[in-house]
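A.B. asks: For reference, the sequence and a predicted model appear below.
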Amino acid sequence: MVRSNSVAWTRTLIESIIVLALITTSCSTLGEDNVMPCVPSSLETTEVRFVDAVDYVVAKLKQHDLVMIGEPHGHVGPIFLQDVIRRCYEDNVIKYVFLEFGNFRDQPKVEKFLQSSEYHPELVTEVLRNFVNTGWGVQEYFDIFKLIYNENQKQPRGNRVEIVVVNGPADLRDAARTRAKLLEESLMPRAEKTSVVSWFGVSGADRDRFMSDVIEAYCLRSRDKGVYFAGSGHVSKALMQMGSGGRRCFGVGGLLSRLYPGRVFCITLPQSPHLWQTGDHPQYFEKLSKKAGRRVGLDTADCSADLRLASQVYEAGVPLAEAYDGIIVIDMDDNDQITLIPGFYDDEFAKIVWERSREMGKLENFPPEFRTKPPTGQELETMLKQGVQLAR
């Protein structure tokens, strides 16, 4: 009896070791069908399906009229968008690229730049400067304009891509943050509004409402396809807090996905601050991207239901899948530094940024010696390279 029990115990131990070895091996490589069966801690039973990130976005564009991509305003996001745009030219997929970085009042300059037979980069510089924003990858956004201009020269007019800068006029931006619409107001029927232009000069206009109107007018009413590239908060479908008053409203993603169900697909990059802390598994996507070894895209419906957003912007515990339809996982450094165009911040523009920061109550972000007088352009560039957040 003792020998029989010993043999049985030994057989069980050997079988357990073999099973453990097989599990370890399966976790170390990806299967042929791009399934990753092994993920961190309590997510062990989740099967994550993904494809190459650019292929993923293009596939969603072929299935929907508008794909939104949320980014953390560094340089990796705009570089990824450039790769998406190149593929869209190859497949002749999109008509519009909608950018948060730029005021809609400068749209005539954008159109003049794209339609000119000669390359005029100074028009792009004017558009980017007029946005008066120091926390973004200026060089990479400039390169988006340059890429589309150069690619358009190779295309017949019917296949050319248009850039639309959709942000509200600068004098409305601060008011929007503290006068965000309530849920009921955000879903007001479009019949009550006359046109996109009617929102100019309306001090209570909400930025996300304004941007959604522009995108709707260009893209969704015409069935022309487009990509909207903006901060992840604007792309989110979940109810958010906009401004210091504690009110909650929908961003562009929430508005348009509800007004045009099935036609809008919302994707985000996971490097945005409110996505780093995904419930109890903050390293989930980082481990996933390292395992994949490349940029990948996947539906949030294929991610664990345990993943939730942790941010002051959202209600506590909002499920990831409630805020976004898809996610792009890019293996990159945590510090996604901005890059600057040499000479972009000259002395005159540095003064404008300083004045803008003073209006926004952000002079405390400047070193003490520049809280009573503006810096030179070179001094401002040095501060920005050090990570100082000024006007946004």
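C.D. replies: Right, received. Where do you want to start?

A.B. asks: For the stretch 1-150 of the chain, which segments count as strands?
C.D. replies: With DSSP state E, counting those that start in this stretch as the criterion, the stretch 1-150 of the chain has strands at 35-36, 48-49, 51-52, 66-71, 96-103.

A.B. asks: could the ones you listed go into a markdown table alongside mean pLDDT?
C.D. replies: Listed next are the strands of the stretch 1-150 of the chain as a markdown table, based on pLDDT from 0 to 100:
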| stretch | mean pLDDT |
| --- | --- |
| strand 35-36 | 34 |
| strand 48-49 | 64 |
| strand 51-52 | 89 |
| strand 66-71 | 94 |
| strand 96-103 | 94 |
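
A.B. asks: can you redo the ones you listed as TSV with distance to residue 113 and mean neighbour count?
C.D. replies: For the C-beta atoms, the positions are set from N, CA and C on the backbone; glycine is no exception. Converted to TSV, the strands of the stretch 1-150 of the chain look like this (distance: least, CB to CB, whole Å; neighbours: other CB atoms under 10 Å):
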stretch	distance to residue 113	mean neighbour count
strand 35-36	43	17
strand 48-49	41	19
strand 51-52	31	15
strand 66-71	22	28
strand 96-103	11	22
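
A.B. asks: wait, which of those strands is closest to residue 216?
C.D. replies: For those, proximity to residue 216 was assessed by CB to CB; strand 66-71 is nearest, at 9.2 Å.

A.B. asks: what comes into contact with that closest one?
C.D. replies: Outside strand 66-71, the residues within contact range by CB atoms under 8 Å, 6 or more residues apart in numbering are 57, 60-61, 77-78, 80-81, 84, 215, 219-220, 225-236, 252-253, 256, 260, 263-269, 272, 324, 328.

A.B. asks: quick one: low-confidence ranges for the protein?
C.D. replies: Across the chain, the ranges flagged by pLDDT under 70 are 1-50, 132-135, 169-206, 241-248, 270-293, 310-316, 331-338, 389-392.

A.B. asks: before we move on, back to that, are any of the contacts of strand 66-71 buried, and which?
C.D. replies: Burial by neighbour count, 16 or more other CB atoms under 10 Å: within these this picks out 57, 60-61, 77-78, 80-81, 84, 215, 219-220, 225-236, 252-253, 256, 260, 263-269, 272, 324, 328.

A.B. asks: Looking at these, which are in helices?
C.D. replies: Cross-referencing those against helices under DSSP state H gives 57, 60-61, 77-78, 80-81, 84, 215, 232-235, 252-253, 256.

A.B. asks: Quickly note the distance from residue 325 to residue 72.
C.D. replies: Distance, residue 325 to residue 72, using CB to CB, to the nearest Å: 18 Å.

A.B. asks: how much space between the closest residue to residue 112 other than its chain neighbours and residue 256?
C.D. replies: Distance criterion CB to CB, 6 or more residues apart in numbering; nearest residue to residue 112, sequence neighbours excluded, is residue 123 at 6.1 Å. In this view, residue 123 and residue 256 are 29 Å apart by CB to CB.

A.B. asks: I'd guessed residue 87 sits against residue 58; true?
C.D. replies: Yes: the pair residue 87 / residue 58 is scored as a contact, 5.3 Å apart, by CB atoms under 8 Å.

A.B. asks: Same drill for these two, tell me which one is more crowded.
C.D. replies: Higher neighbour count among residue 87 and residue 58: residue 58, with 21 against 16, using other CB atoms under 10 Å.

A.B. asks: Mind listing the shared neighbours of residue 87 and residue 58?
C.D. replies: residue 93.

A.B. asks: Identify the residues contacting stretch 140-155?
C.D. replies: With CB under 8 Å, 6+ apart as the contact definition, stretch 140-155 has outside contacts at 75, 77-79, 81-82, 85-86, 89, 97, 99, 101, 110, 113-114, 119, 121, 124-125, 127-128, 160-161, 163, 339, 341.

A.B. asks: Write the PyMOL selection for whichever of those residues are buried.
C.D. replies: This is the PyMOL syntax for the buried subset of the contacts of stretch 140-155, where burial follows 16+ other CB under 10 Å:
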select buried, resi 75+77+78+79+81+85+89+97+99+101+110+113+114+124+125+127+128+160+161+163+339+341
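
A.B. asks: so where do the helices sit in the stretch 151-300 of the chain?
C.D. replies: Using DSSP state H, counting those that start in this stretch, the helices of the stretch 151-300 of the chain run over 170-178, 183-186, 207-215, 232-235, 252-259, 273-276, 284-292.

A.B. asks: show me what contacts the closest residue to residue 255 other than its chain neighbours?
C.D. replies: The shortest distance from residue 255 to any non-neighbouring residue, by CB to CB, 6+ apart, is to residue 212 (4.5 Å). The contact partners of residue 212, by CB under 8 Å, 6+ apart, come to 252, 255, 256.

A.B. asks: ok, now how distant is residue 153 from residue 300?
C.D. replies: Separation of residue 153 from residue 300 (CB to CB) stands at 38 Å.

A.B. asks: ok, these two, which is more surrounded?
C.D. replies: Remark: of residue 153 and residue 300, residue 300 carries more neighbours, 20 against 10, as counted by other CB under 10 Å.

A.B. asks: Surely residue 210 is in contact with residue 168?
C.D. replies: Yes: using CB under 8 Å, residue 210 is in contact with residue 168, at 4.1 Å.
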